[in-house]
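# Here you go, sequence then predicted model.
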Amino acid sequence: MKIPETVAMIGAGLMGHALALVHALGGCRVRAQDSDPAARERAPVLIDAALATLTESGAVDAAEAEAAAGRVEVVTDIAGAVRDADLVVEAVTENRDIKRDVFAEIDATAKADAIIASNTSHLDVFPLVPKNRQGRSLIAHWYTPPYIVDLVDLAPGPETAPEVMETMRVLYAGCGKHPIVFERFISGYVANRLQAAMNLEIFRLLDEGMATAEDIDGSIRHGLALRLAAGGQLEKLDYTGLEMAQRALANRTYTPPEPAGRSKTLDELVESGRTGVMAGAGFYDYGDTSPAELFRRRDAKLLRLKKALQKTEGG
């Protein structure tokens, strides 16, 4: 089994730059490519900011951070990124046509034995991958920020070779990550499906004026999150008692929302330009604080939580 040492990161945006860092921290040489000059310019800044936070928290030492930063090179074209890569990670926008074009460009230049991994969330990318690449293609789906959040979903296509799946599992386990290997592609995997179900309830509460963003996040932070972090949902139910879970299902007095494909609250925010941290506002107003600083604050919180959780394991 040959573990990949050289990685091409196709897409250097919010997820791409972070995945470049994950692989660099794992010891790989990384070429990060993006067609957007702004993304190429921003990627090293965000990587340096993330490394500074990881260093300050003690998650990596200064020498590891410096070495990781030195392993990442930002390039302009896909051909230059993939030419000798052992692993090509596709992290472009969730658009079928764009991904098909990207896979075609990868196919034109990548080594015959290169592994191709897509960071798709819900889109079945395997019909978009050239036939001759199917056996060495898979999905490797991550969660933001992947240099802190360890979960990675690995899903094969219909023709993916078992040794490719095992190679990727070993690679990411060796990086200190928690790979979950699925037997086949499942849109949304587990974590994203649970988030999607929760979002349906959240957007309904907002759209119907039953709760504010602060009410909802407060309920999650001070109620759900603590208990879920300690043991997950099903272990939590064991402690609550499964009879109570039975009664809760039987006694429910409202109908859960059906997927409608739209949220009035969400549409209004997006239409007004409040698209999230990168725009300076979303559900919350972030003022003049830079995205890099906001990511630093988020990462510092996550690292403190992660460290605390690690101390509780086996307790």
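Received, thanks.

# The stretch 51-200 of the chain: helices as residue ranges?
Per DSSP state H, counting those that start in this stretch, the stretch 51-200 of the chain carries helices over the ranges 62-70, 78-82, 96-109, 162-174, 191-207.

# Pick the most buried one from those.
Of all those, helix 78-82 has the most neighbours on average by mean count of other CB atoms under 10 Å, namely a mean of 22. In short, each C-beta sits where N, CA and C put it, glycine included.

# That one packs against which elements?
Counting contacts by 3 or more CB pairs under 8 Å, 6 or more residues apart in numbering; DSSP states H and E, helix 78-82 is packed against strand 6-10, strand 29-33, helix 96-109.

# on contacts alone, who are the packing partners of the helix or strand that the first one is followed by?
It stands for strand 6-10. For strand 6-10, the succeeding helix or strand toward the C-terminus, using DSSP states H and E, is helix 16-25. The contact analysis (3+ CB pairs under 8 Å, 6+ apart) places helix 16-25 against strand 6-10, strand 29-33, helix 37-57, helix 62-70, strand 72-75, strand 87-90, strand 137-142.

# so what's the residue sitting furthest away from the middle of the chain up against?
In terms of distance from the mean C-alpha position of the chain, Asn251 ranks first, at 36.1 Å (CA atoms, centre = their mean). With CB atoms under 8 Å, 6 or more residues apart in numbering as the criterion, no residue contacts Asn251.

# sorry, back to before: Lys307 is nearest to which of the helices of the stretch 51-200 of the chain?
The minimum distance between Lys307 and the helices of the stretch 51-200 of the chain falls on helix 62-70, with 16.7 Å, by CB to CB.

# residues making contact with that closest one?
Under CB under 8 Å, 6+ apart, the answer for helix 62-70 is 21, 24-25, 47-48, 51-52, 54-55, 60.

# just stretch 159-176 next, same as before
Applying CB under 8 Å, 6+ apart, the external contacts of stretch 159-176 come out as 1-4, 22-23, 25-26, 87, 115, 117, 134-138, 140, 150, 152, 154, 156, 179, 181.

# Would you mind giving the helices and strands packed on helix 16-25 as JSON lines with distance to Lys111 added?
What follows is the helices and strands packed on helix 16-25, written out as JSON lines (distance: least, CB to CB, whole Å):
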{"stretch": "strand 6-10", "distance to Lys111": "10"}
{"stretch": "strand 29-33", "distance to Lys111": "14"}
{"stretch": "helix 37-57", "distance to Lys111": "24"}
{"stretch": "helix 62-70", "distance to Lys111": "24"}
{"stretch": "strand 72-75", "distance to Lys111": "17"}
{"stretch": "strand 87-90", "distance to Lys111": "9"}
{"stretch": "strand 137-142", "distance to Lys111": "14"}
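
# Export these as JSON lines, with columns for distance to Leu205 and mean pLDDT.
JSON lines is the format used below for the helices and strands packed on helix 16-25 (distance: least, CB to CB, whole Å; pLDDT from 0 to 100):
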{"stretch": "strand 6-10", "distance to Leu205": "37", "mean pLDDT": "98"}
{"stretch": "strand 29-33", "distance to Leu205": "39", "mean pLDDT": "98"}
{"stretch": "helix 37-57", "distance to Leu205": "32", "mean pLDDT": "94"}
{"stretch": "helix 62-70", "distance to Leu205": "41", "mean pLDDT": "97"}
{"stretch": "strand 72-75", "distance to Leu205": "41", "mean pLDDT": "97"}
{"stretch": "strand 87-90", "distance to Leu205": "35", "mean pLDDT": "98"}
{"stretch": "strand 137-142", "distance to Leu205": "28", "mean pLDDT": "98"}
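
# Looking at those, spot the one closest to Thr240.
For these, the distance to Thr240 is smallest for strand 137-142, at 30.2 Å, taking CB to CB.

# in its sheet, what does the closest one sit against?
Counting by DSSP bridges, the strands paired with strand 137-142 are strand 115-118 (parallel), strand 151-156 (antiparallel).

# Please compute how far the longest one lies from its chain's middle.
Between the mean C-alpha location of strand 151-156 and the chain-wide mean there is a distance of 11 Å, by CA atoms, centre = their mean, to the nearest Å.

# What's the separation between the closest residue to Tyr286 other than its chain neighbours and Phe185?
Distances taken as CB to CB, 6 or more residues apart in numbering place Gly280 nearest to Tyr286, at 5.2 Å, with adjacent residues excluded. Applying CB to CB, to the nearest Å, the value for Gly280 to Phe185 is 36 Å.

# now swap in Pro44 and tell me
33 Å.

# Who has more neighbours out of those two?
Applying other CB atoms under 10 Å to Pro44 and Phe185 shows that Phe185 carries more neighbours, namely 22 against 17.

# doesn't Asn199 make contact with Pro259?
No - judged on CB atoms under 8 Å, Pro259 makes no contact with Asn199 at a distance of 9.8 Å.

# sorry, back to before: can you check which of the helices of the stretch 51-200 of the chain gets nearest to Ala32?
Of all the helices of the stretch 51-200 of the chain, helix 78-82 comes closest under CB to CB, at 7.3 Å.
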